[in-house]
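Asker: Attaching a predicted model along with its sequence, questions to come.
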Amino acid sequence: MEQVSESSNGDNDFGMEVSGEASEITMESEKHTQTSAVSNMANSESQTISTQASVISEQYSSRNIRQGIVPFHVPNVSSVPSTMNSCFICNRSSGSGSRCRVPYSAVIDAWIQKRIFVPPKNRCCKSHVAEGLFTLEAFQQIKATKSFAVTTGIEMSKWMHVVTDQLLVPKNLLDFEPTSRLTDKDFDMLLGLSKLQFEELFKYVSSDLRNTKLRYCA
């Protein structure tokens with residue numbers, strides 16, 4: 001009876017030893033699998049970073065810089081968000097038929113009157129524009145949200161030429177049309193009102209004035 005008991009205990013001990021070795025092998029296999037997965041993930045991320053770096057390098061290549069198509073920041077310039085998918089004034093994103101690209105004359109006027117840069121490719125609701133400029137209501141809603149502007153060499157070149165051309169055009173000090181180049185200071189000197197105040201006042205009397213070039217002076 002004692003020999004059977006010893007043999008039985010021996011079999012149990014042998015079985016436990018085999019089970020322990022199998023567990024260690026399983027753990028080593030899992031550890032190897034996890035290591036391989038981490039290695040593959042690291043390689044994938046490395047390839048992604050390398051691809052992104054290549055794209056960025058191409059975007060900022062010397063050729064693109066010379067062509068003026070590389071975007072850059074202009075500090076200390078108040079600006080509005082750059083968007084073509086919605087109106088930058090009221091944020092509406094209705095059908096494209098109800099929006100239009102902001103006229104360059106309106107871009108220049110916003111800069112002269114409010115010192116706010118509106119990206120030339122921006123879009124807004126057609127109802128915000130009249131005769132190539134922002135309407136009074138739209139103009140009052142334009143608020144700067146950034147302290148820098150993002151532009152390219154091509155856009156900056158066009159900007160400099162247009163602003164210079166505007167400055168070289170002689171001012172008509174009796175031109176109070178919406179497209180007038182008179183500034184707020186000019187309006188205040190001639191009328192004692194700002195340009196926006198004059199346009200607001202004009203809405204109340206426009207129906208009683210003749211539609212002539214000098215109707216504002218009537």
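Answerer: Good, I have the coordinates.
Asker: Give me the nearest residue to residue 115, chain neighbours excluded.
Answerer: Nearest residue to residue 115, sequence neighbours excluded (CB to CB, 6 or more residues apart in numbering): residue 78, at 6.1 Å. C-beta coordinates here come from the backbone N, C-alpha and C atoms, glycine included.
Asker: How many neighbouring residues does residue 147 have?
Answerer: Neighbours of residue 147 under the rule other CB atoms under 10 Å: 10.
Asker: which residues of this protein fall in strands?
Answerer: For the chain, strands defined by DSSP state E occupy the ranges 72-79, 99-101, 123-125, 129-130, 133-134, 146-151.
Asker: What's the end-to-end length of stretch 83-101?
Answerer: 10 Å (CA to CA, to the nearest Å).
Asker: brain fart, stretch 186-196
Answerer: Stretch 186-196 end-to-end distance (CA to CA) = 12 Å.
Asker: likewise stretch 141-157?
Answerer: 28 Å.
Asker: which residues are contacting that stretch?
Answerer: Residues outside stretch 141-157 that contact it (CB atoms under 8 Å, 6 or more residues apart in numbering) are 65, 67-82, 89-90, 110, 114, 116-120, 134, 159.
Asker: Got a quick ChimeraX command for the buried subset of these?
Answerer: Selecting only the buried entries of the contacts of stretch 141-157 in ChimeraX, with 16 or more other CB atoms under 10 Å as the criterion:
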select :70,77,78,79,80,82,89,110,114,116,117,118,119,120,134,159
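Asker: care to break this structure down by domain?
Answerer: 1-59, 68-217 (automatic domain parsing).
Asker: Confidence-wise, which of the ones you listed is weakest overall?
Answerer: For those, mean pLDDT drops lowest on domain 1-59, to a mean of 54.
Asker: Excluding residues flanking it in the chain, which one is nearest residue 93?
Answerer: residue 86 (3.9 Å).
Asker: what about the strands of the chain, which gets the closest to residue 177?
Answerer: strand 133-134 (9.8 Å; CB to CB).
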